[in-house]
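> this is a predicted model, with the sequence first.
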Amino acid sequence: MAPLKKEAKEEKVMGITVKKDEDPSEWYSQVVLRSELADYAPVKGCMIIRPYGYAIWQNIMDYFNGVMKKLGVQNAYFPLFIPESFFGKEAEHAKGFTPEVAWVSTSDEEDGERLAIRPTSETIMYDSYAKWIRSHRDLPLRINQWCNVVRWETHAVKMFLRSREFLWQEGHCVYETEEQCELETRLILKEYRRLAEDILAMPVLTGRKTEKEKFAGAKRTYTIEAFMPDGKAVQSGTSHNLGQGFAKAFGISYLGRDEKKHTPWQNSWGISTRLIGAMVLLHSDDKGLVLPPTIAPIKAVIVPILFDDTKDAVLNKCNEIKTQLFREFNFDVKVDDRDEYSPGWKFNEWELKGVPLRIEIGPKDMEKKQVVIVRRDTGDKEFVPESKLLDKTKELLELVQENLFKKAKKHMENSIVEVKTWDEFMEAAEQRKLIKTTFCGEIGCEEKIKAESGGASSRCMPLDAEKAIDGSICVKCGKPAEYVVYFSKSY
RNA sequence: GGGGCUAUAGGGUAGCUUGGAUCAUCCUUUCUGGUUUGGGACCAGACGACCCCGGUUCAAAUCCGGGUAGCCCCA
């Protein structure tokens, strides 16, 4: 049977051709590729971050560098390659990371030790820390690095969300006391939450990871977890209290005020380009990317409506407004003066690229001394007198940011289901809910939950109510419950 | 870890079953010129592809083997 000829006229070829809720996976790929955030690389599981995507990462870096500066964290850089013997020093860490480490193989392999490509830098950094830290005067030591890491995922790679190589920041601090270590580990979590919620408009659950899910080698892991429209969570940032395990393994010690040798306390914490994937998944729609204004590389685009006789005047007005906006807010506004595209084409393209506001200026607007402003998030169109342009722009950018956050927050809250029995759990898992329940804390029990529920894993134990109320029982095994835990499927 | 599907120009596709005459189809993008421009404009012309390696054959986009990459499903 011959296939029907496609009605090419009606097809928006470069736009998004599938709907978010019908084929989320294909939709996500199209949004990322066609908005030019990223591209596939010729190497499996790797990605090319294109300038538009990298601009978002740069905005995240700029913001977080500011945060770290206030906290007294300094940036540095350690090698990509880690000697094999370093991994073995901390047993839990080695066990956790060995399966996904990529090794370098070279012609002079026999001459020296095998080298790993860093999956994380605890070991190579702490080897140096052992040399650098002598006295209590060297503490606290707070160092961060922005770099790439490699974790050899075997399947299910997805741009930004899961790739073999990704970019991140990893902070590694050393403290004299357990109290200060724990305090700052949690402080970082708060900063991650602020980044996610205030900058990326992405509401998160914050809490502690269970024994099963905590970082290999950590005493405690704290996490921020974002919840996606398709009912899967994304672990979006983690802060680990490492206790003294690494310090002991790497021989980090200091002379205290009491002239005695002490073992310090350490934490490590990281966020990655995964944040970008989560943000895209969360806010974007059937027309393409939707970016929160605070993180958007281009906050607004001005589209002139050009006719031969009024062309110069309209373009002048556009540039005048661009200059005004830049002076007032110091952000990038683009005037799309390309002659080869019609206005309608441009509208679609900038919507695909997620620019928060579009300002249209044509001859009719000039006569009325107004501009047309259209919001990306709602599509609402407003006629704004030129005299009110600056105030209105500011107001709308704030509204878009707020609306995106509120919408996502509402979805997350509405997705939370409290369950007490295993039947309820299974039903909620089936419906892709964010399941709040009580749990015994046993690793084996958690593994059973994941296997039998079709992949629901623990997200976190909420900080404000981590301990289960006395008398409550584990949703799976029925033994006395230790913790309140959120479960869901995840990316 | 197991199973399935896919790969033809920047994007989307036809051709593959049954190997040949189709200097590989059509739409779109891009480029040139002209007319246009308030939600993906129109006309004319041009550029542009069979994923890689090997095999079968007089002849391979098409059949066979291997590789690479992507997608989906299950654990």
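That came through, no problem.
> okay, and A:Cys460 sits in which element?
In the assignment (DSSP states H and E), A:Cys460 maps to strand A:457-462.
> report the contact partners of A:Phe250.
For A:Phe250, the contact set (CB atoms under 8 Å, 6 or more residues apart in numbering) comprises A:Lys89, A:Glu90, A:Thr123, A:Tyr126, A:Asp127, A:Tyr129, A:Ala130. The way it works is simple: take the backbone N, C-alpha and C, and place the C-beta from them, glycine included.
> and those, which is closest to A:Ser488?
Top of the list for closeness to A:Ser488, among the contacts of A:Phe250 and by CB to CB, is A:Glu90 at 30.2 Å.
> isn't A:Phe326 up against A:Val333?
Yes. The pair A:Phe326 and A:Val333 passes the contact test of CB atoms under 8 Å, sitting 6.3 Å apart.
> who's more crowded, those two?
Neighbour totals were compared for A:Phe326 and A:Val333, and A:Val333 leads with 21 against 12 (other CB atoms under 10 Å).
> so that one touches A:Glu320, yeah?
No. Using CB under 8 Å, A:Val333 makes no contact with A:Glu320, being 11.6 Å away.
> who touches both of these two?
Joint contacts of A:Val333 and A:Glu320 (CB under 8 Å, 6+ apart) do not exist.
> just to revisit the earlier point, of all the contacts of A:Phe250, which comes closest to A:Lys353?
Proximity of the contacts of A:Phe250 to A:Lys353 was ranked by CB to CB; the top entry is A:Thr123 with 40.8 Å.
> surely that closest one and A:Glu84 touch.
No. Counting by CB under 8 Å, A:Glu84 is not a contact partner of A:Thr123; they are 10.1 Å apart.
> how about the helices in the stretch 251-400 of chain A?
When secondary structure is read from DSSP state H, counting those that start in this stretch, the stretch 251-400 of chain A shows helices at A:274-283, A:311-329, A:343-352, A:363-368, A:389-415.
> just those helices: most buried one?
Per-stretch averages of neighbours, counted by mean count of other CB atoms under 10 Å, single out helix A:274-283 among those, with a mean of 25.
> can you tell me the average pLDDT over that helix?
Across helix A:274-283, pLDDT averages out at 96.
> which elements pack onto that helix?
Based on contacts counted as 3 or more CB pairs under 8 Å, 6 or more residues apart in numbering; DSSP states H and E, the elements that helix A:274-283 packs against are helix A:24-34, helix A:51-71, strand A:232-243, helix A:389-415.
> which other helices and strands contact the helix or strand following the longest one?
For helix A:389-415, the succeeding helix or strand toward the C-terminus, using DSSP H and E, is strand A:416-418. When contacts are defined as 3+ CB pairs under 8 Å, 6+ apart, strand A:416-418 packs onto strand A:434-439.
> okay, angle between the strand it packs on and strand A:232-243 too, please.
40 degrees (axes from the mean of the first three to the mean of the last three CA atoms, to 10 degrees).
> so the helix or strand just after strand A:434-439, near RNA strand B or not?
Next along the chain after strand A:434-439, taking DSSP H and E as the criterion, comes helix A:443-452. Yes. Interface with RNA strand B: helix A:443-452 contributes A:Ala451 (CB under 7 Å from any atom of the strand).
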